[in-house]
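>>> I'd like to go over a predicted model; first the sequence, then the structure.
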Amino acid sequence: MADQIGIKRSLLGAYEEGRADPRISNLLKFSEIFNLTVDQLIGADLATNGNSKVGERLDQDKNNLKVLSITVDRNDRENIELVPQKAAAGYLNGYADPEYIEELPKFHLPILPGNATYRAFEISGDSMLPLRSGTIVIGQFVEHMKDIKSGNTYVMVTRDEGVVYKRIFKYPENPQLFCFVSDNRQYSNYDVNGEDIVEIWEAKAFISMEFPEQGQEGEITLQRLADIVLDLQQEVIRLKDK
């Protein structure tokens, strides 16, 4: 439906939940698709008129990770909602609740491409150095697990761990298993089943009040990549033994 209208699925969800009103041009497209007048769309209770096709078509895609809850400003632009550290514990229960999402702080970042949905997360701990605790990571919503790119960093929302920021690797032999890797080698890697993942946000930018020391980031990165390659080799050997 969103593709037919020419909007994002998240904005369509905002229309459904009453958090945004369609522009006239989009109302005209809705009226053409459902063979209804704009007056009927605005003024009639379609649920009592036997028009069940409306609800069925708006809820036709069940194969995605989740139906994303978003907020928009008065100009129909999607906000970037910020999940601070103190709210991260409750995010697992509230990520699909429009009222919870509405209460989160919101902002815009014009440098990001406008054809995607973004959310910001304040990370805690030192498992992803050189990004330190308190850094805000801005992620782009990933709709399908198959679109995860091995070696990239993601904010993952899982049923067991809650909100975590990790470098993710896929197993070619098992597309439903993912390896969560910390850039700080003092932390061990661990595997997560795809069925335990409820949201995926690919890291696109970060905001930090601390600047890395000169030369520090490059040195850590080289050592980190070497350790990651060694860990992957060991994982492959372990899988072959199984």
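On my side now, so go ahead. Numbering: from 1, shown residues only.

>>> Can you name the next helix or strand after the lowest-mean-pLDDT helix or strand in the chain?
Taking mean pLDDT, DSSP states H and E as the measure, the chain has helix 53-58 as its least confident helix or strand, at a mean of 33. Using DSSP states H and E, the helix or strand that follows helix 53-58 in sequence is strand 80-83.

>>> just for this structure, where's the confidence low?
The model of the chain has pLDDT under 70 over residues 45-67, 212-224, 226.

>>> how far is the helix or strand harbouring residue 177 from where the chain is centred?
Per DSSP H and E: residue 177 is located in strand 174-181. Mean-position distance between strand 174-181 and its chain equals 17 Å (C-alpha atoms, centre = their mean, to the nearest Å).

>>> That one pairs with which strands?
Strand 174-181 has these partner strands in its sheet, going by DSSP bridges: strand 162-171 (antiparallel), strand 190-193 (antiparallel).

>>> Pull out the buried residues from that strand.
178-181 (16 or more other C-beta atoms under 10 Å). (C-beta placed from N, C-alpha, C; glycine too.)

>>> Tell me the secondary structure at residue 128.
Here residue 128 is recorded as coil under DSSP: H, G, I helix; E, B strand; the rest coil.

>>> ok, residue 145 touching residue 195?
No. Counting by C-beta atoms under 8 Å, residue 145 does not reach residue 195; the two are 9.9 Å apart.

>>> which of those two has more neighbours?
residue 145 (17 against 10; other C-beta atoms under 10 Å).

>>> How far off centre is the one helix or strand residue 27 maps to?
Here residue 27 sits within helix 24-34, counting by DSSP H and E. How far helix 24-34 lies from its chain's middle: 28 Å, per C-alpha atoms, centre = their mean.

>>> With stretch 5-22 instead?
With C-alpha atoms, centre = their mean, you get 17 Å for stretch 5-22.

>>> Run through who's touching it.
Outside stretch 5-22, the residues that touch it by C-beta atoms under 8 Å, 6 or more residues apart in numbering are 1-2, 26, 29-30, 33, 58, 61, 64, 67-72, 76, 78, 98, 102, 115-117, 141, 143.
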